[in-house]
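task: produce atomic coordinates for the following.
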Amino acid sequence: QVPLVESGGGLVQAGGSLRLSCVAPDRTVDGYAMAWFRRAPGEEREFVAATNWNGDRTYYATSAKGRFTISKDNAKSTLYLQMNVLKPEDTATYYCAARLTSTGTGYTDESDYVYWGQGTQVTVSS
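Numbers count the residues shown, from 1 in each chain. Below you'll find the predicted structure:
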């Protein structure tokens, strides 16, 4: 098991920013691909952004491109999601996910990941 703990969610006005963090408290994550997904009320969980083990490759959903930035600090065992120009439609519970690099090649599907956090709520008011 790889416990993942998200933080940084909250209530923000449209146009504002938030930075989400996901930390693995008991291990290094430098051998892991990691990602952010989100689930809006009444919707399926969807891909937001992902990065490979060392952060030099990133992947974004169309809705996140140009507004969100994913980054990974292996020394701190932490994944980040900087979210700018937030919109009401970004309101969701955001989940961190991880998998060992050696266990797969995909980055954008839920099934690519084995370990999941409990989520952090982001609410964007109009």
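
now do the same contact list for the nearest residue to residue 97 once chain neighbours are set aside.
Leaving aside its sequence neighbours, residue 97 sits nearest to residue 113 (C-beta to C-beta, 6 or more residues apart in numbering; 3.7 Å). Just so you know, the C-beta spots here come from the backbone N, C-alpha and C atoms, and that holds for glycine as well. Residue 113 sits next to 33, 35, 97, 98, 99 when contact means C-beta atoms under 8 Å, 6 or more residues apart in numbering.

give me the pLDDT value at residue 113.
Looking at residue 113, its pLDDT is 95.

over to residue 26?
At residue 26, the model reports a pLDDT of 84.

in which helix or strand does it reside?
Assigned by DSSP states H and E, residue 26 falls within no helix or strand.

contact partners for residue 67?
83, 84, 85, 86 are the contacts of residue 67 under C-beta under 8 Å, 6+ apart.

how far away is it from residue 112?
Per C-beta to C-beta, to the nearest Å, residue 67 is found 23 Å from residue 112.
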